[in-house]
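K.L.:
Sequence plus predicted model, see below.
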Amino acid sequence: MSRTLTSLVRQRLSERNACSQAFFPREAPRLATICRQMAERFLEGGRLLAFGRGPYATDAQHVSVEFIHPVIVGKRALPALDLSLAFPEWSTAVAQPKDMALGFGPPDGDERVHACLQELWSRGILTLALPGEAGTADYAVQAPSSNPFVHQELIEILYHTLWETVHVFFEHRQLAGHDIGEMATLYPFLGGEFVDLRSVEPEVARSIVAKAEDDERLREELAREQAETIARAATAIAERIERGGKLICFGNGGSATDANDLALDCVIPPADYHPIPAISLALEPANLSAIANDVGQEVMFLRQLIPHAQPNDVAIGISTSGGSRNVILALEEARKRGLLTIGLLGYDGGEIVRRQLVDYAIVVHCDYIPRIQEVQASAYHILRELLEVVLYGSA
């Protein structure tokens, strides 16, 4: 079984790369254009309003945190809101003409999301439908895959690209004509005299494709070096589930949204999948803010894990650095209590790997957070797919 699952991991990663290679070269020119238009809206005081339902609400969460709390040092915060909780009413109540609206959904779309985008579009708001039919929004993308997990992974790369490239256009007017130092390697088109932003769109499009190619390389590395680890982790998780356990997921920032997504993928699974018990400690804003305010942010997950953990549970900590203190404390407690521990990590795995705090460490060997998160999404979605295979013989 282990050998079969390992081969399946490699196959699924290869399939994702094939979808990426077909999708991003086609979409990159249009993405460059909408990024420029979004940058212009931000410069005029616009805000980004994001929303979705079910697992796709976590994409809206992710967009909001990326724009409000940019991980690139020195990048300014840009106004963004996740309105998923009550998006039809909330977005129409707060939207202003210079705003932008970003709606998420499954590969075949979401009628409620589309109806909301149509209403906002009629009011002059710049709209992006992910996915959507041509002519239904200012930017509407055809689903890159009918597989909801692959679709969501490539859409994550797309909206990370929006965030990264909006910043490039946003700063171009300030940087043109000046030495841009190390940024010249990533964005060689930024130097020189001031030019119309439209003229740099072809170079921006090429940089978007290069980002997707980085993900493809990282997936190849994951398939080559860690397919067996992913397969063994899935088998170990399935054993705990069969004994009555549940998944307990947690992480910070974008990793919090990934923890939320994994939990929702378990309890609100795609068609023909079976529900699996799971919770996300990152999906409890009242608990998180109360614990952080009254005790300290380092114990945000620990304080929740203590009452929730049962012996057959699985603790899944997500940390791009491998050094998030609140993730480490929760994993330490999980090990004391005999839980199976899984780490979805970046860089070299950080302190979590060095201290052997997890039974299975799945590490995306990269030092750039968006790329780490994008490939981590492939890893945990494939874990979810393997659970369906091991537990139910399907997917």
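P.N.:
Sure, I can see it. Keep in mind that what you see is a predicted model, and the values were worked out from it rather than measured. Numbering: from 1, shown residues only.
K.L.:
Please, where are all the helices along the protein?
P.N.:
Here the chain has its helices, by DSSP state H, at 2-43, 57-68, 87-94, 111-122, 148-175, 183-186, 201-242, 254-267, 285-294, 300-308, 325-336, 350-354, 369-392.
K.L.:
residues contacting the closest residue to Arg384 other than its chain neighbours?
P.N.:
In this structure, Arg384 finds its nearest non-sequential neighbour in Asp265, 5.2 Å apart by C-beta to C-beta, 6 or more residues apart in numbering. C-betas here are computed from N, CA, C, even on glycine. By C-beta atoms under 8 Å, 6 or more residues apart in numbering, the residues touching Asp265 are Pro55, Phe149, His381, Arg384.
K.L.:
Test my guess that the second one contacts Glu388.
P.N.:
In other words, Phe149. No - distance between Phe149 and Glu388: 10.9 Å, which falls outside the contact criterion (C-beta atoms under 8 Å).
K.L.:
Ser14 touches Leu222, doesn't it?
P.N.:
No - Ser14 lies out of contact with Leu222 (C-beta under 8 Å); the separation is 10.8 Å.
K.L.:
These two: which is more packed in?
P.N.:
Legend: neighbour count by other C-beta atoms under 10 Å for Ser14 and Leu222, higher for Leu222 (24 against 13).
K.L.:
how much space between that one and Lys211?
P.N.:
For Leu222, the distance to Lys211 equals 17 Å [C-beta to C-beta, to the nearest Å].
K.L.:
cool, and Arg198?
P.N.:
For Arg198, the distance to Lys211 - C-beta to C-beta - is 21 Å.
K.L.:
Which of the two has more residues huddled nearby?
P.N.:
Lys211 (22 against 10).
K.L.:
contacting residues around the nearest residue to the more buried one once chain neighbours are set aside?
P.N.:
The shortest distance from Lys211 to any non-neighbouring residue, by C-beta to C-beta, 6+ apart, is to Thr161 (6.0 Å). By C-beta under 8 Å, 6+ apart, the contact set of Thr161 is Leu31, Cys35, Ile208, Lys211.
K.L.:
ok, the last one touching Glu164?
P.N.:
Yes - in terms of C-beta under 8 Å, Lys211 counts as a neighbour of Glu164; the distance is 7.4 Å.
K.L.:
what residues are shared contacts of the two?
P.N.:
Common neighbours of Lys211 and Glu164 (criterion: C-beta under 8 Å, 6+ apart): Pro370.
K.L.:
Which helix or strand in the protein has the lowest average pLDDT?
P.N.:
Least confident element among the helices and strands of the chain, by mean pLDDT, DSSP states H and E: helix 183-186 (a mean of 43).
K.L.:
Contact partners for the nearest residue to Ser280 once chain neighbours are set aside?
P.N.:
What sits nearest to Ser280 in space, not counting adjacent residues and going by C-beta to C-beta, 6+ apart, is Ala263, at 3.9 Å. Neighbour list for Ala263: Leu247, Cys249, Ala278, Ile279, Ser280, Leu283 [criterion: C-beta under 8 Å, 6+ apart].
K.L.:
before we move on, the earlier item: for Phe149 and Glu388, indicate the residue with more neighbours.
P.N.:
Higher neighbour count among Phe149 and Glu388: Phe149, with 22 against 19, using other C-beta under 10 Å.
K.L.:
Tell me the pLDDT of the more buried one.
P.N.:
If you check Phe149, the pLDDT there is 98.
K.L.:
do you know how far the closest residue to Pro277 other than its chain neighbours is from Pro270?
P.N.:
Of all residues not flanking Pro277 in the chain, Lys246 sits nearest, at 3.8 Å (C-beta to C-beta, 6+ apart). Using C-beta to C-beta, Lys246 is found at 19 Å from Pro270.
K.L.:
between the two, who's got more neighbours?
P.N.:
Lys246 (20 against 16).
K.L.:
Pull up the distance across stretch 69-79, start to finish.
P.N.:
Taking C-alpha to C-alpha, to the nearest Å, stretch 69-79 runs 10 Å from one end to the other.
K.L.:
tell me the contacts of Ala80?
P.N.:
Contacts of Ala80 (C-beta under 8 Å, 6+ apart): Arg47, Leu48, Leu49, Ala50, Val63, Ser64, Glu66, Phe67, Ile68.
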